[in-house]
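> Generate coordinates for the sequence data below:
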Amino acid sequence: MSEKIDKISPDSEIIKNLEAFGLNETESRIYTALLQTGGGSVNGIAQIAGIKRTTAYSTLDGLIKQGLARYDEFGLKRKIVPEDPERLQGILREKQAKLTKTLPVLESLFNLRGNESFIKYYKGLKAIKPLYEQLIRDIRPHEEYFVISNQQMWLEHDPAFFEDFSFRRGKLPIDVKMIFEDNEGSRKYFANRARYNAKIKFFPEKVKLQTNMVITPQRTLTHQIIHPIVALVTENKSFISLHQNIFRLLWDSLPDAVDENKSV
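Presented below is the predicted three-dimensional model:
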């Protein structure tokens, strides 16, 4: 083993990727050290990985059980060597197969919770974006999709994502009705309503909003668009029905919007 090989940095990209795969930090550092050196004594590998020798023994046993390392005999000497990284693909396929087999059981357990009676809380835009994807994934053709929003603030959180989301939603055969706070961003969205396949009305100018609410037959999503960015989701049918009825009353009470940029 060459002494010129640098110690493994726990912050290196390869270590982070191996951790994301499922190895812990110690396993990732030792496996990387094995690959860099081609193998060697436990003491030498521990030095390159930057961990204690006693820790290396137990970690190497775990890597061997996963099929990522093995011991080879060279005369009277014993050397720990890495298995081909292609083995990682095999482990990943095994994990995927097990998950695929187990997923229906997990789904049935989730449904048994009676989850529609719970209010679910989410924090941060990263956690909230998938909720929007779920809305358009679960809605069925010709169903109603209602929105109450400060559209300008909503779009500003991530213009690329929410613009693309609006466009993809507009391709669905659903009934999109939206009531906006009257501001410049909402008016711009209104001017492009044909692109989003949406009917839009505006609240009176005195109405100011700090949330984006979406109501579908499957759930309601209330997304606070000021900091802290949080969202509440309910799948309770009674709550959904109440919000649908309130939205319809609001919609019927508001005048049709006029395109201010359209010539008379």
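> In the stretch 151-264 of the chain, mark out all the helices, start to finish.
With DSSP state H, counting those that start in this stretch as the criterion, the stretch 151-264 of the chain has helices at 151-157, 159-170, 184-191, 193-196, 237-253.
> Relative to Ala49, which of those is closest?
When those are ranked by distance to Ala49, counting by CB to CB, first place goes to helix 159-170 at 39.4 Å. Where C-beta positions appear, they are placed from N, C-alpha and C, glycine not excepted.
> Which stretch among the helices of the stretch 151-264 of the chain is buried most, on average?
Using mean count of other CB atoms under 10 Å, the stretch among the helices of the stretch 151-264 of the chain with the largest mean neighbour count is helix 151-157, at a mean of 19.
> quick one: low-confidence parts of the chain?
1-11, 108-117, 260-264 (pLDDT under 70).
> who touches stretch 220-231?
With CB atoms under 8 Å, 6 or more residues apart in numbering as the test, stretch 220-231 has contacts from 121-125, 127-128, 131-132, 135, 150, 153-154, 157, 210-214, 232-234, 239-240, 243.
> quick one: contacts for Arg195?
Ser166, Phe167, Gly170.
> Please convert these to JSON lines, extending it with distance to Glu86.
Formatted as JSON lines, the contacts of Arg195 follow (distance: CB to CB, whole Å):
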{"residue": "Ser166", "distance to Glu86": "42"}
{"residue": "Phe167", "distance to Glu86": "40"}
{"residue": "Gly170", "distance to Glu86": "44"}
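> right, and the helix or strand after the host helix or strand of Pro104?
Using DSSP states H and E, Pro104 sits within helix 86-112. Counting by DSSP H and E, the next helix or strand C-terminal to helix 86-112 is strand 119-123.
> Show me which parts of that next one are buried, residue by residue.
Going by neighbour count (16 or more other CB atoms under 10 Å), the buried part of strand 119-123 is Tyr122.
> helices or strands up against the next helix or strand after it?
Next helix or strand after strand 119-123 toward the C-terminus (DSSP H and E): helix 125-138. Applying 3 or more CB pairs under 8 Å, 6 or more residues apart in numbering; DSSP states H and E, we find helix 125-138 packed against helix 159-170, strand 220-224, strand 230-234.
> backbone phi and psi for His227, please?
Main-chain dihedrals, His227, degrees, to the nearest 10: phi -80, psi 140.
> residues touching Phe190, list them.
Applying CB under 8 Å, 6+ apart, we find Phe190 in contact with Phe180, Ile200, Phe202, Ala257, Asp259.
> Mind putting those residues into a markdown table with distance to Gly38?
Below are those laid out as a markdown table (distance: CB to CB, whole Å):
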| residue | distance to Gly38 |
| --- | --- |
| Phe180 | 63 |
| Ile200 | 65 |
| Phe202 | 69 |
| Ala257 | 70 |
| Asp259 | 70 |
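> Buried only: go through the residues you listed for me.
Phe180, Ile200, Phe202, Ala257.
> The last one touches Phe203, doesn't it?
No - taking CB atoms under 8 Å as the definition, Ala257 is not a contact partner of Phe203, at 10.6 Å.
> just to revisit the earlier point, and the buried ones among the contacts of Phe190, which is closest to Glu27?
The closest of the buried ones among the contacts of Phe190 to Glu27 turns out to be Phe180 (CB to CB; 51.8 Å).
> Excluding covalently adjacent residues, which one is nearest to the closest one?
Distance criterion CB to CB, 6 or more residues apart in numbering; nearest residue to Phe180, sequence neighbours excluded, is Ser186 at 3.9 Å.
> I'd say Gly38 and Ile80 touch.
No - using CB under 8 Å, Gly38 is not in contact with Ile80; the gap is 10.5 Å.
> Same drill for the two, tell me which one is more crowded.
A direct count of neighbours by other CB atoms under 10 Å for Gly38 and Ile80 places Ile80 higher, at 23 against 11.
> any idea how far the more buried one lies from Ala97?
In this view, Ile80 and Ala97 are 29 Å apart by CB to CB, to the nearest Å.
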